[in-house]
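Colleague: Turn this into a structure:
(2 chains)
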Amino acid sequence: MNTWKRPLSALLALSLALTLSACGGQTNTPDTSGSQPESSVSENTDGYYPVTITNYNYDGQEVSYTYEEAPQRVLAVYQGCIETMIALGLENHVIASYGLDNEVKEEWQEGFAQMHYDDSVFAPDKETVTLLEPDFIFSWGSYFGDKKLGDVDAWNEKGVGTYMNSNTVPGGTRTLENEYTDILNIGKIFHVEDKAQALVDEMKAQVTGTLSAVQGQDPVRVAVVEPISGKITNYGQKSLAGDMVTALGGELAMPEADSISKEDLVAADPEVIFVVYMAYSGDDPESVMAQQLALIQDDPALQSLQAVKNGNVHLIMLGDMYASGPRTLDGLKTLAQGMYPELSL
Amino acid sequence: MSRNGRASLALVILAAALVLSLGLAVSVGSMAIPMGDVYRVMAYELFGLGDGSTWGSGGVHDVVWLIRLPRLVLAAATGAGLGVCGTVMQAMVQNTMADPYILGVSSGAYLGAALALTAGAGTALGGNAMGLAGAVGAFLAAAAVLLLARLGGRSTPVKLLLSGVALSAVCSALGNFCIVLENDDHAAAALVQWTMGGMGAASWPGNAIACGVVISGGLFFWSQYRTLNLMLLGDECAGTLGVELSAKRLIYLLVVAAMVGVLVYQAGMVGFVGLIIPHGVRLLFGSDHRTLLPLAALTGSVFLVWMDVLCRVVLPGNEIPMGILTALVGAPVFLALLARRRYGFGGEV
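Modeller: Numbers count the residues shown, from 1 in each chain, chains lettered A, B, ... in the order given. Below you'll find the model as predicted:
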């Protein structure tokens, strides 16, 4: 027993010493949080920066951060964030990326090759991120939770800029406008506003084009649903998918509902139903799609639905209508095509 | 009235209540269907009465016959199954805290569902992947608990219980590990929803299996009521009466696992019912398994039929997971019962 005690006490003494020195070190570090100028978007004569962008912290409160230059060491986590960086041609700013649910779209494959994608884990832990020494973290809200990376404020104080997809802010709203704002904000941070504006304009053109083509028509009654093992999730007016449907001139058949029964679906009897599918890694997308569609299309209990009878049950990929980033355009296209099959969009 | 007479009367009343509940509950739902139409559909489907072209197809028919009634029948089967399994488990491990899920069954189901969701095992299994994998997980976990409890000698209630608790911890840890690996909010949310149970997946072919398993399992245990009564007295006491309980426990646990597995597949995990229904019935009618088992089955049935109705009407147009309501409604009722009586679990009260 005694042989144990001595190393143990030595260890205790050592850890105590380390703790104390760590405390000492902290007081010596200059306070970096005050060094960020609190100006709004200002364009100096000699250049574009500094630029201040307002985003959110994990509590859902607005937080402003000032960029003195375009971040050069970006960590991008999750599908939409990775694809936003590629779509804006910013892949050479990225030092590491993680967390794809689906393959990156064909047109972004070339850029993706330069994204330093790491598939060993779905998302890196705090220690890995700290060692990566990023100057910008671009991810979803949940990733800044206290059990994951920790809060935005702490990173910002360390001089690391953060941006969370506005449609993933805890307790926040979920709108199409948020997706536009995010792309434009990333454009501002990296000084590629024109590219960002072009992406957003394309999305807006899809919306206005659809709206003008169906002008005067009665709104289509739409439901976006996701059947999972006996339960059906409904994407209502508080969801991005719901907001996209409304923006395209549709009316949500079940605006208030979150989790519905088959009977609720029959009672609402939407004209068009979109079935959400999500092919997790390892799943074969084709069979996932066929299965999800069959859960609505082929259920004997749902054969009286007009959408089923008229062949108006369509698939939509989760990634195209949930914190979708540049895929928002695909989501809008899929929705518009399903809602207005007579249009060649 | 004697205790036996009281119990028989309660049996008749509960059986009638079940039929009546099914009949009444089928008229409740989010879609406004006139009462008369509901029963015309039922009359047509059950007895061939009325006009088939009006009542044999279409929206009203589908809602009543293909959505509402299958859910209610599944709820009844689930309630009966969990009531019986809970009663048996409590006797088997001589522990008041036991429920159908306690011996690793629920965490086994959780692990199976998590694997189906995250490891890509889902595609091959069809639409209700979580249910199927959950059922398999439940069964395997129960089998593993049995094996563990028999290592190094006869299985005793204490060994069974502790093996179950340990295996539960391992299975839930592994299930959570899958979720952490996948690190996907969407998957995690779907799993949480699933673990709270619900009757949304009900269909007639599925119900045929669920009812078949619950009824045959229930009858089997009813035929074993003497052994179950002995189990409450303990192994030593049973031994002096010439009954070896450890072999019986093995068979019982496998039957319980099969029943719970099938129910997990159909309805997910409906918590609390299997714990409180047996206690509630014991409080009122004593612990003789000859009456306890059928009473627990019927009480569980009636309870879940009405819980399914509540699931659908509490938030109009929304469905609440059943596990939330069974606990919220069941616990106060149970506590009220507990407060009013002396309760000794085994033996006479």
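
Colleague: Spell out which residues of the stretch 201-345 of chain A are next to chain B.
Modeller: Contact residues (CB under 8 Å from any CB of the partner chain) of the stretch 201-345 of chain A with chain B: A:227-233, A:254, A:256-264, A:266-269, A:278, A:280-284, A:287-288, A:291, A:294-295, A:300-304, A:318, A:322. Any C-beta I mention is one placed from the backbone N, CA and C, and that applies to glycine too.

Colleague: Now the buried members of the residues you listed.
Modeller: Neighbour-count burial (16 or more other CB atoms under 10 Å in any protein chain shown) applied to these gives A:227-233, A:254, A:257-264, A:266-269, A:278, A:280, A:283, A:288, A:291, A:295, A:301-304, A:318, A:322.

Colleague: Identify those among those that sit within helices.
Modeller: Among those, DSSP state H puts A:262-264, A:266-268, A:288, A:291, A:295 in helices.

Colleague: Would you mind giving me the confidence score for the closest residue in space to residue A:118 that isn't next to it in sequence?
Modeller: For residue A:118, ignoring the flanking residues on the chain, the nearest one in space by CB to CB, 6 or more residues apart in numbering or on different chains is residue A:98 at 5.6 Å. The predicted structure scores residue A:98 at 93 on the pLDDT scale.

Colleague: Residue A:28 now?
Modeller: So, for residue A:28, pLDDT stands at 38.

Colleague: on that earlier part again, looking at the ones in helices among the buried ones among the residues of the stretch 201-345 of chain A next to chain B, which one is closest to chain B?
Modeller: The closest of these to chain B turns out to be residue A:267 (CB to the nearest CB; 3.7 Å).

Colleague: Find the nearest non-adjacent residue to the closest one, please.
Modeller: Counting by CB to CB, 6+ apart, residue B:31 is the residue found nearest to residue A:267 once chain neighbours are left out, at 3.7 Å.

Colleague: ok, the one you found to residue B:19 distance?
Modeller: Per CB to CB, to the nearest Å, residue B:31 is found 23 Å from residue B:19.

Colleague: go on, residue A:135?
Modeller: Taking CB to CB, one finds residue A:135 at 70 Å from residue B:19.

Colleague: the more surrounded of those two?
Modeller: Higher neighbour count among residue A:135 and residue B:19: residue A:135, with 18 against 12, using other CB atoms under 10 Å in any protein chain shown.

Colleague: Report the contact partners of the more buried one.
Modeller: A:71-74, A:159-161 (CB atoms under 8 Å, 6 or more residues apart in numbering or on different chains).

Colleague: What about those, which one has the most neighbours?
Modeller: residue A:74 (29 neighbours).

Colleague: what does the model give the residue most central in space within chain B for pLDDT?
Modeller: Computing the C-alpha centroid of chain B and ranking residues by CA atoms, centre = their mean puts residue B:82 first, at 2.8 Å. Here, the pLDDT recorded for residue B:82 equals 94.

Colleague: Please tell me I have it right and it contacts residue B:263.
Modeller: Yes - at 6.9 Å, residue B:82 and residue B:263 qualify as touching, with contact defined as CB atoms under 8 Å.

Colleague: overlap in contacts of those two?
Modeller: With CB under 8 Å, 6+ apart, residue B:82 and residue B:263 have common neighbours residue B:270.

Colleague: And residue B:241, how close does it get to residue B:93?
Modeller: Counting by CB to CB, the gap from residue B:241 to residue B:93 is 20 Å.

Colleague: quick one: which of these two has more around it?
Modeller: residue B:93 (23 against 9).

Colleague: That one and residue B:291, how far apart?
Modeller: 21 Å.

Colleague: Please apply the same query to residue A:221.
Modeller: Separation of residue A:221 from residue B:291 (CB to CB) stands at 54 Å.

Colleague: cool, and residue A:51?
Modeller: Residue A:51 is 78 Å from residue B:291, by CB to CB.

Colleague: before we move on, what about residue B:139?
Modeller: In terms of CB to CB, residue B:139 sits 29 Å off from residue B:291.

Colleague: ok, now residue A:237?
Modeller: Applying CB to CB, the value for residue A:237 to residue B:291 is 53 Å.

Colleague: Ok, residue A:286 next?
Modeller: 55 Å.

Colleague: now swap in residue A:192 and tell me
Modeller: With CB to CB as the criterion, residue A:192 and residue B:291 are 77 Å apart.

Colleague: ok, now residue B:41?
Modeller: Distance, residue B:41 to residue B:291, by CB to CB: 36 Å.

Colleague: Break down the stretch 201-345 of chain A into its strands, ranges please.
Modeller: For the stretch 201-345 of chain A, applying DSSP state E, counting those that start in this stretch gives strands covering A:221-228, A:231-234, A:251-252, A:259-260, A:272-277, A:313-317.

Colleague: quick one: least confident helix or strand in chain B?
Modeller: Ranking every helix and strand in chain B by mean pLDDT, DSSP states H and E puts helix B:185-195 at the bottom, with a mean of 76.

Colleague: by contact count, what packs against whatever helix or strand comes next after that helix?
Modeller: Note on helix B:185-195: by DSSP states H and E, the next helix or strand toward the C-terminus is helix B:204-223. Packing contacts for helix B:204-223, counted by 3 or more CB pairs under 8 Å, 6 or more residues apart in numbering or on different chains; DSSP states H and E, involve helix B:69-92, helix B:245-267, helix B:289-313.

Colleague: May I see the buried residues of stretch A:84-103?
Modeller: A:84-88, A:90-91, A:93-102.

Colleague: which stretches of the chain have low pLDDT?
Modeller: Since you didn't name a chain, this refers to chain A. A:1-46, A:280-283, A:344-345 (pLDDT under 70).

Colleague: I was after chain B.
Modeller: B:1-3, B:119-128, B:183-185, B:344-349.

Colleague: what do you get if the cut-off is 50, keeping everything else the same?
Modeller: Low-confidence segments of chain B, defined by pLDDT under 50: B:121-123, B:347-349.

Colleague: re earlier: for the helices and strands packed on helix B:204-223, which one sits closest to chain A?
Modeller: Among these, helix B:289-313 sits nearest to chain A (CB to the nearest CB), with 5.8 Å.

Colleague: Tell me the buried residues in the helix or strand just after the closest one?
Modeller: The helix or strand immediately downstream of helix B:289-313 is helix B:322-340, counting by DSSP H and E. Residues B:322-327, B:330, B:334, B:337 are the ones in helix B:322-340 that count as buried (16+ other CB under 10 Å).

Colleague: Repeat that for stretch A:238-246.
Modeller: For stretch A:238-246, a neighbour-count test (16+ other CB under 10 Å) marks A:239-246 as buried.

Colleague: Redo these as a markdown table? Include distance to residue A:61.
Modeller: Formatted as a markdown table, those follow (distance: CB to CB, whole Å):
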| residue | distance to residue A:61 |
| --- | --- |
| A:239 | 22 |
| A:240 | 21 |
| A:241 | 26 |
| A:242 | 25 |
| A:243 | 22 |
| A:244 | 26 |
| A:245 | 29 |
| A:246 | 27 |
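
Colleague: out of those residues, who's nearest residue B:226?
Modeller: residue A:239 (57.2 Å; CB to CB).

Colleague: Give me the nearest residue to the closest one, chain neighbours excluded.
Modeller: residue A:174 (5.3 Å).

Colleague: cool, residue A:226 as well?
Modeller: Nearest to residue A:226 is residue A:276, by CB to CB, 6+ apart, at 3.7 Å.

Colleague: same for the least confident helix or strand of chain B, what does it pack against?
Modeller: Under the contact rule (3+ CB pairs under 8 Å, 6+ apart), helix B:185-195 is packed against strand A:221-228, strand A:231-234, helix B:105-118, helix B:129-150, helix B:157-182.

Colleague: Number of residues surrounding residue B:240?
Modeller: By the criterion of other CB under 10 Å, residue B:240 has 9 neighbours.

Colleague: ugh, wrong one, residue B:252
Modeller: Around residue B:252 there are 22 other residues, counting by other CB under 10 Å.
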